[in-house]
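1. coords please:
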Amino acid sequence: MTSSQRYRKYVTKPLSRMRLLWESHGMSQPITTTTEAAKALGVSAKTVQRMVSSGALVPLYTLPTGHLFEPAEVERVKAERDATRAAS
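-> Below you'll find the predicted structure:
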């Protein structure tokens, strides 16, 4: 097993478990992981982490393995980025 496979094992499983726990407790609010947010914004996961650090993107929860976001927050940031790009 390579180091990246070991890393993925420890990083992706807790988020999957968090999603299952979230849904099993009747939480109807959808959640978006860091990776999903990165794909939606068209950036890397590291860029999403930088956006969180700068305050441009606000996570719903911060876990040791990553962040969980409200989809509306990701869409807000995406709309702001699109508006900025259109203005220039």
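2. let's verify P59: helix, strand, or coil?
-> Under the three-state scheme (DSSP: H, G, I helix; E, B strand; the rest coil), the conformation of P59 reads as coil.
3. for it, grab the count of nearby residues.
-> 20 (other Cβ atoms under 10 Å). (Each C-beta comes from the backbone N, C-alpha and C, glycine too.)
4. OK, contacts around it?
-> Neighbouring residues of P59 by Cβ atoms under 8 Å, 6 or more residues apart in numbering: 52, 67-69, 73.
5. point out where the protein drops to low pLDDT.
-> Per-residue confidence of the chain (counting by pLDDT under 70) places the weak regions at 1-29.
6. now the strands: where do they sit in it?
-> With strands called from DSSP state E, the chain shows them at 32-33, 61-63, 66-69.
7. adding mean neighbour count and distance to K78, write the ones you listed out as a markdown table.
-> Converted to a markdown table, the strands of the chain look like this (neighbours: other Cβ atoms under 10 Å; distance: least, Cβ to Cβ, whole Å):
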| stretch | mean neighbour count | distance to K78 |
| --- | --- | --- |
| strand 32-33 | 21 | 11 |
| strand 61-63 | 12 | 20 |
| strand 66-69 | 22 | 11 |
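8. what sits closest to T47 if chain neighbours are left out?
-> A38 (6.9 Å; Cβ to Cβ, 6 or more residues apart in numbering).
9. mind listing the helices for the chain?
-> With DSSP state H, the ranges of helices along the chain come out as 3-24, 34-41, 45-54, 71-87.
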